[in-house]
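1. Sequence and predicted structure below; questions after.
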Amino acid sequence: MKVSKLAENLIGSEIIKIGNQVNDLKAQGAEIANLTIGDLNADIYPIPARLKEEINKAYQNNLTNYPPANGLLSLRKSISKDLKNRWNLEYNENEILVAGGSRPLIYATFKTIVDDGDKVVYPIPSWNNNHYAYLTNANKIEVETSQENNFLPTAADLKPHLKDAVLLALCSPLNPTGTMFTKDQLSEICELILEENKRRGENEKPLYLMYDQIYAMLTFEDEHFNPVSLFPELKKYTVFIDGISKCFAATGVRVGWSFGPAEIIDKMKALLTHVGAWAPKPEQEAVSIFLNETENVDHFVDDFKGKISKSLQTLHNGIQDMRSRGFLVESIKPMGALYLTIELNYIGKSKPDGTKITNSSDLVFYLIDEAGVALVPFSAFGNSGEMPWFRASAGGLSLNEIEKMLPRLENALSQLK
């Protein structure tokens, strides 16, 4: 059967492939510590009680028809107020677009800015930029990052690639690593963007920055920085991605928002009217109310990120303990989001049955079978299959489950020779 070239060559998600095997084994009764998806176990991490209360109330009040294409005015006003109070960012309701989570907004950003063959720059590892580049037929420039810089791009890494690019896609705290830009790191990159835009003529498309800060409220010790607060002149070039999915443990509630230059936001809105990617009206109404309750918001987020931080730190400590005893492992101290970056340097080793671990996917499926531990390799985020680094997401497990899985991981690794 013939399909479009786009559909024919579309690559499925490696994360979903791993998740499917995990779910099949769990259905057969296997005990699996699922550290794969960037989701949350709602029994361990329920959404805020006040948010749930307002969602239920909105349904009872029959707020079940179409919302406005750019989101409820009440919600956009609440977002505007929160941006000012939390980050000192000045965006009015007409510079804000609401959608069913952040994914449609990222897609709309790409489609609004990128023409066929336009250069798009992003670091690897990073989440899904390779797929959005494919969907827009972009000329993708993947900039490999290093452990020394916490897998974040530096200005020096990016500088050779920004000439004639139309979009630079960044995320902090970063999915998949849970690491985040320092003020100096981000400032140096911002200066490059401004420098490149000053070089361009009036009739040239600018270099835009898509800045995904969906995890901004989930930072543990260090401060989150954003480009427009650092350099207000970047406001006309920056499109932000944000929402409730991570900070309110509300991945399935599907309320995200973007804010940026009105002319870009308007075009994104027009595009999404044809996609129909609106957030449900009751959920929008509930978020508009809850977001105004700053004390309740802060209380929930502080408690939630404290628990996530403790789980990630426990996992980090376990990996560091294994390292101190000679295991070929490493981890980067968790800084934010739901993730720990782990190195398992066992590619090229042999399993007990003599078969060789040839790439990171082989190691993933070995650990699922032998340890009941499921991780995501960095190959799912654009890196080579020979790279021995992995993402561990702590949101799906209790602290006790993380503690119980560490000896299983150690035992499975000890059998590789």
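-> Cool, the structure landed.
2. CA atoms for contacts and neighbours, from now on please.
-> OK.
3. ok, and what's touching stretch 316-327?
-> With contacts defined as C-alpha atoms under 8 Å, 6 or more residues apart in numbering, stretch 316-327 is touched by 329-334, 340, 342, 406, 410, 414.
4. Relative to Y107, which of the residues you listed is nearest.
-> L340 (26.3 Å; C-alpha to C-alpha).
5. rewinding a little: return the subset of the contacts of stretch 316-327 lying in helices.
-> 406, 410, 414 (DSSP state H).
6. for G101, phi and psi?
-> For G101, the backbone dihedrals are phi 90, psi 180 (criterion: degrees, to the nearest 10).
7. For it, which non-adjacent residue is closest in space?
-> If the residues on either side of it in the chain are set aside, G101 comes closest to G256, at 4.0 Å by C-alpha to C-alpha, 6 or more residues apart in numbering.
8. Now for that neighbour, how many residues are close by?
-> 25 (other C-alpha atoms under 10 Å).
9. Please tell me how far it sits from K349.
-> Separation of G256 from K349 (C-alpha to C-alpha, to the nearest Å): 43 Å.
10. and if you look at P125?
-> With C-alpha to C-alpha as the criterion, P125 and K349 are 24 Å apart.
11. quick one, which of these two is more surrounded?
-> Using other C-alpha under 10 Å, the more surrounded residue of P125 and K349 is P125, with 29 against 18.
12. Hmm, F378 and that one touching each other?
-> Yes. With contact defined as C-alpha atoms under 8 Å, P125 counts as touching F378 (6.3 Å).
13. Just confirm S258 is within a helix.
-> No. Counting by DSSP: H, G, I helix; E, B strand; the rest coil, S258 is not found in a helix; it is strand.
14. The closest residue in space to it that isn't next to it in sequence sits in which helix or strand?
-> Residue nearest to S258 in three dimensions, not counting chain neighbours: I241, with 4.7 Å by C-alpha to C-alpha, 6+ apart. In the assignment (DSSP states H and E), I241 maps to strand 238-243.
15. Can you give the contact residues for that strand?
-> 101-102, 105-106, 109, 208-215, 227-228, 255-261.
16. Give me the mean pLDDT for that strand.
-> Per-residue pLDDT over strand 238-243 has a mean of 98.
17. Pairing partners for it, with directions?
-> Strand pairing for strand 238-243, determined by DSSP bridges: strand 208-212 (parallel), strand 256-259 (antiparallel).
18. Output the ones in helices among the contacts of stretch 316-327 as a markdown table; include the columns distance to T64 and pLDDT.
-> Below are these laid out as a markdown table (distance: C-alpha to C-alpha, whole Å; pLDDT from 0 to 100):
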| residue | distance to T64 | pLDDT |
| --- | --- | --- |
| L406 | 46 | 98 |
| E410 | 51 | 98 |
| S414 | 55 | 98 |
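19. Buried subset of these as a PyMOL selection?
-> Provided next is the PyMOL selection string for whichever of the ones in helices among the contacts of stretch 316-327 are buried by 16 or more other C-alpha atoms under 10 Å:
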select buried, resi 406
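20. ok, of the ones in helices among the contacts of stretch 316-327, which one's closest to A270?
-> Among the ones in helices among the contacts of stretch 316-327, L406 lies closest to A270 (C-alpha to C-alpha), at 48.9 Å.
21. List the contacts of the closest one.
-> Contact analysis of L406 by C-alpha under 8 Å, 6+ apart lists 315, 318.
22. try 7 Å this time
-> G318 (C-alpha atoms under 7 Å, 6 or more residues apart in numbering).
23. Just the mean pLDDT for stretch 196-208, thanks.
-> Stretch 196-208 comes out at a mean pLDDT of 95.
24. Same check on stretch 280-293?
-> Stretch 280-293 shows a mean pLDDT of 98.
25. Would you mark the buried spots in it?
-> For stretch 280-293, the neighbour count (16+ other C-alpha under 10 Å) marks 280-292 as buried.
26. Just the CA atoms of it, as PDB, please.
-> What follows is stretch 280-293 as a C-alpha-only set of coordinates in PDB (Å, rounded to 0.1, in the frame of the first residue of the first chain):
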ATOM      1  CA  PRO A 280     -10.000  21.000  27.000                       C
ATOM      2  CA  LYS A 281     -12.100  24.000  28.200                       C
ATOM      3  CA  PRO A 282     -12.700  22.600  31.700                       C
ATOM      4  CA  GLU A 283      -9.000  22.000  32.300                       C
ATOM      5  CA  GLN A 284      -8.200  25.500  31.000                       C
ATOM      6  CA  GLU A 285     -10.800  27.000  33.400                       C
ATOM      7  CA  ALA A 286      -9.300  25.100  36.300                       C
ATOM      8  CA  VAL A 287      -5.700  26.100  35.500                       C
ATOM      9  CA  SER A 288      -6.700  29.800  35.200                       C
ATOM     10  CA  ILE A 289      -8.100  29.600  38.800                       C
ATOM     11  CA  PHE A 290      -5.300  27.600  40.300                       C
ATOM     12  CA  LEU A 291      -2.500  29.500  38.700                       C
ATOM     13  CA  ASN A 292      -3.700  32.700  40.500                       C
ATOM     14  CA  GLU A 293      -3.400  30.900  43.800                       C
END
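27. outside of it, which residues touch it?
-> With C-alpha under 7 Å, 6+ apart, stretch 280-293 has contacts from 50-51, 54-55, 58-59, 63-64, 66-67, 72, 74-75, 78, 253, 255, 297.
28. which regions of the stretch 301-417 of the chain lie under the pLDDT threshold?
-> Applying pLDDT under 70 to the stretch 301-417 of the chain picks out no residues at all.
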